[in-house]
Every structure is written in structure tokens, then in C-alpha cells.
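Peer 1: fold the following, please.
(chains A, B and C)
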Amino acid sequence: MMRRLLFNLMVWSAVLIVAFPLFWMVVTSLKPQLELWARPPAFLPIEPTVEHYVTLLQDTNFLVYFRNSIFLSTATTLVVIGVATLGAYSLVRFTYRGRESLAMLVLFTYLLPSVVLILPLYLMMVKLGLANTLFSLVLAYTTFALPYALWLLRSFMAGIPEDLESAALVDGASRMGAFRDVIFPQLLPGIISTALFTFILSWNEYLFALVLVNSDASRPLTTGVMNMLISSFNIEWSLLMAASVMMSVPLIIAFAFLQKYLTRGFGAGAVKG
Amino acid sequence: MSRSPQALLERRYARLGLLLIAPTIVVFCAVIVYPLLAAIYLSLFQLYTPTLEGSFVGISNYRDLLARGEFWISLRNTLVWTVGTLSLQIVLGIGMALMLHQAVWFRSLARSLILFPYFVSTVVAVLVWRWLFNDLYGILNHMLIGSGVVDMPVDYLGSMPNAMISMILVGAWKYFPFVVIAVLARLQTIPDALYEAARIDGAGPIARFFDVTLPQLRDVLVVIILLRAIWDFKEFDLIFLLTGGGPVISTQTLPLLVYKEAFALNQMGMAAAYAVVMMAIMLVFMIVYIRQTREKEAS
Amino acid sequence: MAGVTFSRVRKEFAGFLAVEGLDLTIEEGEFVSLLGPSGCGKTTTLRMLAGLEFPTSGEIRIGDRLVNDVPPGQRDIAMVFQSYALYPHMTVGRNMEYPLKKRGLPKAERKAKVAKAADMLQLTELLDRKPSQLSGGQQQRVALGRALVRDPQVFLLDEPLSNLDAKLRGYMRAELVELHARLGRTMVYVTHDQLEAMTMSNRIAIMLAGDLQQFAPPQEVYRRPANRFVASFIGTPSMNLIDGQLSRSDAGWHFTSPGLTLPVPALRDSAKAGDACLGVRPEHVHLGHGDLQAKVQLVEQTGHENIVVLDVAGGNRLTGRTPSSQVPQMSEAINYRIDSDQVHVFGPGDTGARLNADG
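Peer 2: This is a model prediction of the structure:
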């Protein structure tokens, strides 16, 4: 019993150390400005306040950035999931020349560094007149999101017994009919977790947004919030922490409700390679 | 391979398969294959970013880059960062996975808390850590001074080697959950019978770890190390936001060098050359990883 | 009018020959088993018949219709898979209804047919359950039901019983035979279990490495196996196979192997003296009397009989059977006799042809 207690204490101290920065983020966002400069700092806010959240929403561009990020991540996710679901079906369940090489190309692009692609993409967007638009970011985000989603969905697809599709074909379905009636319902949990991951990846992306968009009207949260740090005269940490918390809200929601899907996707992506 | 003329159905299926993959191929060509080739092409030019005017210079960008000290310093920084943060991620990841594999109170809550740094945006992670690292009001300095470890505030990001160490630590904090989850998933598939057999053979907990757990984890660890090595090598956001490569260029890695050359120094051609060389170095890891995956799929 | 014909059907997978020049004619209403070890091409053959694999060359006909280019759903077949392949997200009823829906039958008719099939297979209580809530045996019956509702020309069954426990397997064997008798439809049944093939089929097609070895009724396969492979594959315990020499004298053919010399029955004209293989079923090795002698190596008592392994000289072993009342002692020297009219002689090699004149 004593050993068990000690072990639990050890594990939980490790967990709390890891989680401490996030705890501190929330605490800081709730502290009035004066308490920030207190020495020693209080562990919990003495007079908790939401004034920073109010400031954030009323006096800054935060809501514009937030809307941009929502639009951007949703659009990227929809495009990528649509293309990747069909692509994964093709890569796993059809035979044609070059299929294996294509699968390896997907894996290769999955590992490709963004900084290599960003230079020509920047030139391309400038030439097409798309620079500073959210659309340019949707295009750019497919460079990492599509290989990622394809690779993940491919392993989910491979996990669906081939016999199910065969049975549907024998029962009179066409290939696409079998996909709609049998494969898609089976793939749905995989699609949901892939979509979640794609959304999170797009939500968190920084480099493309930094290079391709340079106007407040179409800046997403990542570069927008960073801009608040750089452009402010004296850094208001409480405000930044409030922004960080708000920025993480979609993640927390995803976590709370969809943990099952998240870990499933994680397993498929990480362990099966 | 000879195809009989009668395999009509098979050909029809193959056509449908190609139709389904077609959107993927189009997108790939437009946003990946073309830019990749264009990057190599660009690296043969001297190109001024704001006006996009320049001239063909052949491989002289490459000759220059190899002669520059900055390239070699950045390469060294990249390697120090990658090896440092990756080793920490692996050690912490395995350790935490082993702990969370046991019966712990509120295990799923513990797992979620551990996972969170991985999913949180790098921007958020960096903001929080810069606040923790703050020299005057940061909690880290308070605690260190309060407990008497140091008597002057530590400058975490503005001096060396502190900046590199801080960066490696933040990188480990952000990315070790990946290792935790991957190892945890594998641990759950190790049959209990193996541990029982080892126990009957008289193996203690440490012997059981080295003789049973570690060999079982070998395959998944190879995959994790390769993947994380590739990702850490190309990491941009975390370093750019945390230190910006500073002080001076002491923590400047290759991706940052590419960015600086292209968008701060406006030398697009030179930046492309850096990017191509960086990719060539990564290619080694990528090929090993792809070969590993292909073998695993074949078996 | 719906038998099945394979003519010169070949199937290659990337450099690997799965089925080689298969000629096979299955009569209408016949129950035929495709039997062989794993990798012999039996499942590939069935999947080609279903339209799930495509022959590299050759023709497949169902009735008179050439079906090479006909999609699976239009071949008028139904298939039961080894894994059952029940659609996990549909209820039992919807699973059974699916093929009817795909054929565009009106709802009322669909319900009626499902109800009838469910009644036949005692599935009526389970119609609203999901497959995951069923036992293995119930899932198996649902898979069968989904095939039944369509009333197809040909039933394809791919090792449908292999995931059931032994007792249920025996029960389902009888059930399937009864079903075949009732429906009178052509059934093609893939299995690696010779007992299933022997007990259920009108004819058995035995395959090895993509090649058809023999296609004949069960008793014929048992009594006159076409070659050494078929002989070894059919029967439990399996036939004794002893390598030795064949020689001819005025008195007829003789077989010799260390510790064993035996006259053999009339052989074909093509038989040659030299290396050969003797095949003896355990029931034709009679223990306790006779002029041959060997040491008892092992006795397995199964209850109603004993399986006795004899150590003949030179490393040769012979398996024989004794009634349960006669239990030989281990290591005991025992007399025995071989029914020399009942022995088989095979040419050399793993698939050496049977040389007996009665074949």
C-alpha cells in the first residue's frame, strides 16, 4: 500500500510538472495586471479577473484572427479529407501500375520540410495574385495536410476487411456502391480522427501563414497572436496568456469529446508508420 | 506481363482506381512536385526577393554556401538541437510510458495532461515558455532564486549555452508525448505471458525491462526515432519563435537559415540552395524510414 | 441450366502462378468441394468464379454464359465467406436484405423473403441484432441466410465452417448437406478439411500448387487416389507411404524396402521397375498374426479403436489399427500382415501417379 502511494505520488508529480506550463498559462490569464509583478508570485490569482479576455475580444483583432483560423482549418480539412478518402480507397483497394510508387511518394512528401516548398509556393502565390488571401493558405496547407491525411486514412482503410467489400460486390453493388454502403460507414471513425488531426495541424500552422499572409484581414491566430506580442509597446503577458487559452479552446473541446478518436488516430499514424 | 484481352472488368476497375486517385495527383503536382522541382531550379539563380529579378548563376550558390561559415554553424546547431532534443524525448517518453502503463490513479486524466503539450500550438507553447523564462517576473527564476540554487536571475534565452539548452528542453517538453503514446500503444500489446515467463526464470524488474520490454519495443522505437529525427531536423516554428536563432546565430538551424536568406536578406536563389542541401541531408533519414516502412508492409 | 465450367483457366499474381490451366466441369445441382492445403489455388479458383479475381487467361462459364467480364453482382451467385463478412453497421435483417435491395426488389417482397430465410435458419429472433451481438455460429447462419435469400444459381462457400468449434462444425455439415438436398442448387465449397469434403460432396477436386490433382467422387478419391499426394491428403490417420524399389519377376510385381518385401497387384503397362512408393491404408495393416514382424513404437487409444505405429526395419514406419479390445504393448514385437490386394503403388516423387491397373 505504501509502495503504491509512493508510486502514484511519483507519477503524478511528473505529470504535474509536464502540465505546469499550461496551468500557469491559465492562472496568468486570470490575474489582474498588478498581481503579475508580485514577488513572490501567487500560485493562484488572489482576485481572479476576466478583464484580459474582455480586452482581447473587444480591443484587439483576436476575433478576426479566430474567424480566419476557423475558416482556414475547416476549409483545409474538408478539401483534404475529401481528396484523401477517395485517394486512400484507390491506393488500398485497386490495382494499377505505379500504385506502390505512388504510396511511397505520399510517404516521402509526408516527411518533406516545409521550408523547401515555401519559396516556390511564395513565388507562385505572388504570380497568381493570391498572396495575402486565406485561399493561398488553404492551398499551401494541403502540402502537409494531404500527405498526412492520405497516410493515416490508408492505414485505416487497410484495417477494413477486404471480404466486406467482396461481399457487397457479390451482393450486387458496384465498386462505388460498395464504398458508399459498406466501406464508408466502417471508415467513418477513421475519417473523424483524421479530420480532427488535420484540423489541429492547420489550426497550429505558423510558417506558411508567416510567409504568405501579411495583412491583418486574413491573418490566422498563430501569426496574429504572435504579432500582438511583437507589435505591442510593453508586453502584456496576461493578455497573451488569455489569447493562448482562447486559442487552445478548440483543442480542449476536441480532447474532451473525442479522445477516443484522437488516440485511435495517433496509434494508426504513429505505430503503423 | 501479358494481359489477356478479356480482362475487361479488371481494366475497368483499374480505370476507376486511377480516377479516384486523380485529384490527389493533381494536388500533389501543383503544390508539392512542381514546387520541389522549382526549388531546385531556383537554386541556380541569383534572385532578389522583393522584385523577383535576377540572373542565372549555375551552381555558384552551392559553391558559396559550402564556403560560408554560417552554413556549417547552422548545420552544427541543427545536429546539436536534433540529437539533444530527440534523446530527451526518447528517454522521457519511455519513462513516462512505463509509468502510465501501470495502474495509476486517474490514469486517463494523466494521459490527457501528458498529451496536451503535443497538441497545443507551437505559438502557445512558446508564449507560455517565454513567460516562464521571463528574467524578472518569470516563475522559474523566482523558484530558483527562492530555493537558493542561483542568486542572480538566469538569462534563459539571451546567452549561450542557455539558449540552446532551453530550446532543447522546450522541444523535449513539446514533443515527448508523441513517444509516450506510441510506446504506450506498443506496451499494451506485449503479452503478459512473456513477463510471467521471465519472472519464473527469476528476472527482477530491471532484468525484465532489459530482457522483455526493450526488445519488444525495438521495432517501434526505430520508427519513432526516425520519424522524430526527421521532424526535429526540419523544426522551424519552435526555434524561430523561441530564440529566433539568437543570440546572434548561436541557435540558428538550417530551416531558419533558409527563411532568413529568403525573406530577411532577400536572396531567394541562395535560400533555395540552402533548402536543397538541407533536404539532401534529410534524404538519408527519409530513405531509411521509407525502406523500413516498405519492408514492414511487405511482411 | 447452371453448372460451372472452367476451361484452361490460368491465374498469375506478379510472377507467382496461383492456378495453372484448370479444366473443371461442375454439373448443375452438384455439390463440389475444392480441397487442398493452403496456397493450392482453391480460394483463388473460387474468387475467380465469383468475379473477385480475374483469370490471366482461360474462360469461366456459369451455365452457358461466359462470365469473365460479368461483374460479381450480375453473375447470379451468392457467396459465404470464411470471415462471414457481415456488414457490422447493419442489423441481421438489413444484412440479409442488402442483396435484394441491390437487385431492386420492392420492399414488401424483400421483407417476405428475408422472413422466409430467417425462419428456415431459425434467425427470426435475431433480425434486429447487430452482428457483433451474435455468437460465431449465429453469425455463420446469418451469412448463410444472406446467400439464401437471393436464391442464386450457384452457391460459393469459402471455408464457411473453419471458424466454428468442432461440435458446431459437425452439426453445420449435416445442415448444409440437407440444405443442398432441399435447394438442389449447384454448390462450390472450398475447404482444407478432408473430412468436410468427404462427407458433404458429390465430387471432390483436389488441388496442389495451382494444379488439379484429381476430380472424382469421395469414395473414388479414397479408394483409387490418382497420385501420391492425393493418397497422403485423404484419410485419417493418413495412408502409410513407404519408399522402395519395384521389381518384376515371372510371378508378377514385387515391392521391396528395408524390412519389407511384398507382392503387389497388377500394375499398368506404363509401370517400370525402379524407385517407387507403396501405399497402404492403416485398416489394411492387420496386427496380431501374419508372417511379418515389427516392434510396436506407439499406441494411441482413441476409445473405439487403437492407432498403432510399428517400427519396421530400416527406419520405415507403418500405422495400423486394432479394435479397442486389442491393446498391443509398447516395444513388444508383434506379427502383422498387409492386405496385398489393397495396396497402392505410386511412381517416384511427391505427386507420383498411381500405377495400379484398376485405376
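Peer 1: what's near enough to touch residue C:91?
Peer 2: By C-beta atoms under 8 Å, 6 or more residues apart in numbering or on different chains, the contact set of residue C:91 is C:127-130. For glycine as for every other residue, the C-beta is placed from the backbone atoms N, C-alpha and C.
Peer 1: change it to 10 Å
Peer 2: By C-beta atoms under 10 Å, 6 or more residues apart in numbering or on different chains, the contact set of residue C:91 is C:97, C:126-131, C:133, C:142.
Peer 1: what of residue C:154?
Peer 2: C:2-4, C:26, C:28, C:49-50, C:62-63, C:75-79, C:185-188.
Peer 1: measure it to chain B for me?
Peer 2: 18 Å (C-beta to the nearest C-beta, to the nearest Å).
Peer 1: follow-up on the earlier one: just the buried residues of the contacts of residue C:154.
Peer 2: Neighbour-count burial (16 or more other C-beta atoms under 10 Å in any protein chain shown) is assigned, among the contacts of residue C:154, to C:2-4, C:26, C:49-50, C:62-63, C:75-79, C:185-188.
Peer 1: does residue B:199 count as helix, strand or coil?
Peer 2: At residue B:199 the chain is in helix, as set by DSSP: H, G, I helix; E, B strand; the rest coil.
Peer 1: hmm, it is touching residue B:208, no?
Peer 2: Yes: applying C-beta atoms under 10 Å as the test, residue B:199 and residue B:208 come out as touching, 7.2 Å apart.
Peer 1: tell me where the stretch 101-250 of chain A has helices.
Peer 2: A:114-128, A:134-158, A:162-170, A:175-178, A:184-204, A:207-212, A:221-231, A:237-270 (DSSP state H, counting those that start in this stretch).
Peer 1: state the pLDDT value of residue 12.
Peer 2: With no chain named, the answer covers chain A. Per-residue confidence (pLDDT) for residue A:12: 92.
Peer 1: should've been chain C
Peer 2: 88.
Peer 1: dihedrals phi and psi, the closest residue in space to it that isn't next to it in sequence?
Peer 2: What sits nearest to residue C:12 in space, not counting adjacent residues and going by C-beta to C-beta, 6 or more residues apart in numbering or on different chains, is residue C:56, at 4.7 Å. Backbone geometry at residue C:56, expressed as degrees, to the nearest 10, gives phi -70, psi -40.
Peer 1: where does the stretch 151-299 of chain B get nearest to chain C, residue-wise?
Peer 2: Closest to chain C within the stretch 151-299 of chain B is residue B:298: 12.1 Å, counting by C-beta to the nearest C-beta.
Peer 1: that residue: neighbour count?
Peer 2: Applying other C-beta atoms under 10 Å in any protein chain shown, we find 6 residues neighbouring residue B:298.
Peer 1: now check the longest helix seen in chain B, is it near chain A?
Peer 2: For chain B, the longest helix by residue count, based on DSSP state H, is helix B:69-101. Yes: using C-beta under 10 Å from any C-beta of the partner chain, we find that helix B:69-101 touches chain A at B:92, B:95-96, B:98-100.
Peer 1: and these as JSON lines, adding neighbour count and distance to chain C?
Peer 2: Formatted as JSON lines, the residues of helix B:69-101 next to chain A follow (neighbours: other C-beta atoms under 10 Å in any protein chain shown; distance: C-beta to the nearest C-beta, whole Å):
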{"residue": "B:92", "neighbour count": "19", "distance to chain C": "39"}
{"residue": "B:95", "neighbour count": "15", "distance to chain C": "38"}
{"residue": "B:96", "neighbour count": "24", "distance to chain C": "34"}
{"residue": "B:98", "neighbour count": "17", "distance to chain C": "33"}
{"residue": "B:99", "neighbour count": "19", "distance to chain C": "34"}
{"residue": "B:100", "neighbour count": "22", "distance to chain C": "29"}
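Peer 1: which one among these gets closest to chain A?
Peer 2: Using C-beta to the nearest C-beta, these come closest to chain A at residue B:99, 4.7 Å.
Peer 1: nearest spatial neighbour of the closest one, skipping sequence neighbours?
Peer 2: Nearest to residue B:99 is residue A:11, by C-beta to C-beta, 6+ apart, at 4.7 Å.
Peer 1: next, give phi and psi for residue C:11.
Peer 2: According to degrees, to the nearest 10, residue C:11 has phi -140, psi 120.
Peer 1: typo on my end, it should be residue C:334
Peer 2: Torsion angles, degrees, to the nearest 10, at residue C:334: phi -130, psi 140.
Peer 1: residue A:190 contacts residue A:160, correct?
Peer 2: Yes: between residue A:190 and residue A:160 a contact is recorded at 8.5 Å, counting by C-beta under 10 Å.
Peer 1: identify the residue spatially nearest to residue B:166, adjacent ones excluded.
Peer 2: That would be residue B:156: by C-beta to C-beta, 6+ apart, it lies 4.6 Å from residue B:166.
Peer 1: do the same with residue C:153
Peer 2: residue C:2 (3.7 Å).
Peer 1: flag every residue of the stretch 151-273 of chain A that's near chain C.
Peer 2: A:160-175, A:177-178, A:181-182, A:184-186, A:188.
Peer 1: list the residues that contact the residue nearest to residue C:347 when sequence neighbours are not counted.
Peer 2: Nearest non-adjacent residue to residue C:347, counting by C-beta to C-beta, 6+ apart: residue C:353, 5.2 Å away. Residues near residue C:353 by C-beta under 10 Å, 6+ apart: C:213, C:225-228, C:268, C:270-271, C:345-347, C:359.
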